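Colleague: After the sequence you'll find the predicted model.
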Amino acid sequence: MMMTKKYEIAFNYIKDLSVEVPDAETFIFSKEYITKYSLGINVTTKGMKNDFIEVITKLHYKDPNNNNNKKSFFEITYATVVKIIDKSLKKKDLERIILVEIQNEIYPGLEKIFLNIIKDSGFPNLILEKKVDFEKLYKEKLN
């Protein structure tokens, strides 16, 4: 049995991009501590006309230590415009598609873009160790 596709990605684009390294001292400090920074992901949606949805995936990479005033900050807001093909989708199914399937499809490319931006900002040795498990995040959100 062939699975019919429930959605189709029409296009993606970088909606917003922010790299903040306030000064040289912060840069030197950040270079030492950047591996301790944490990656945050936030996914939101915006309805559009004609069964299209704009899925907004925001990644931020920042110092989790609040006592530290020498911080660099990196953020990308990435939009994926999706056409919903299956009109009979229930809200729960649509939510899973947005939070798991679409993220699994776009994330490897998005992570590469984000990592390149951070590396090109002067942090060439940065590697994001942890692979993001969208299925697990989705299940945690449900509980």
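Modeller: Happy to help now that I have it.
Colleague: in this protein, which segments are predicted with low confidence?
Modeller: Low-confidence regions of the chain, defined by pLDDT under 70, span residues 1-3.
Colleague: all helices for the protein, in order.
Modeller: Secondary structure of the chain (DSSP state H): helices located at 24-33, 91-96, 102-120, 134-142.
Colleague: mind checking which of the ones you listed is nearest residue 11?
Modeller: Among the helices of the chain, the nearest to residue 11 by Cβ to Cβ is helix 102-120 (11.0 Å). (Glycine included, C-beta is placed from N, CA and C.)
Colleague: Now for the residue nearest to residue 121 when sequence neighbours are not counted, how many residues are close by?
Modeller: If the residues on either side of it in the chain are set aside, residue 121 comes closest to residue 19, at 4.9 Å by Cβ to Cβ, 6 or more residues apart in numbering. Per other Cβ atoms under 10 Å, the neighbour tally for residue 19 reads 16.
Colleague: now do the one 3 residues further on
Modeller: Residue 22 sits with 13 neighbouring residues when counted by other Cβ under 10 Å.
Colleague: State the distance from it to residue 126.
Modeller: From residue 22 across to residue 126, the span is 18 Å (Cβ to Cβ, to the nearest Å).
Colleague: cool, and residue 112?
Modeller: Applying Cβ to Cβ to residue 112 and residue 126 gives a distance of 12 Å.
Colleague: Pick out whichever of those two has more residues nearby.
Modeller: Legend: neighbour count by other Cβ under 10 Å for residue 112 and residue 126, higher for residue 126 (16 against 10).
Colleague: That one and residue 34 touch, don't they?
Modeller: Yes - with contact defined as Cβ atoms under 8 Å, residue 126 and residue 34 form a contacting pair (5.9 Å).
Colleague: tell me what the strand ranked longest in the chain is packed against?
Modeller: The longest strand of the chain (DSSP state E) is strand 7-20. Using 3 or more Cβ pairs under 8 Å, 6 or more residues apart in numbering; DSSP states H and E, the elements in contact with strand 7-20 are strand 73-84, helix 102-120.
Colleague: so how far is residue 104 from the nearest residue in space to residue 12 that is not next to it in sequence?
Modeller: With sequence-adjacent residues excluded and distances taken as Cβ to Cβ, 6+ apart, residue 12 is closest to residue 80, at 4.7 Å. Noted for residue 80: a distance of 12 Å to residue 104, by Cβ to Cβ.
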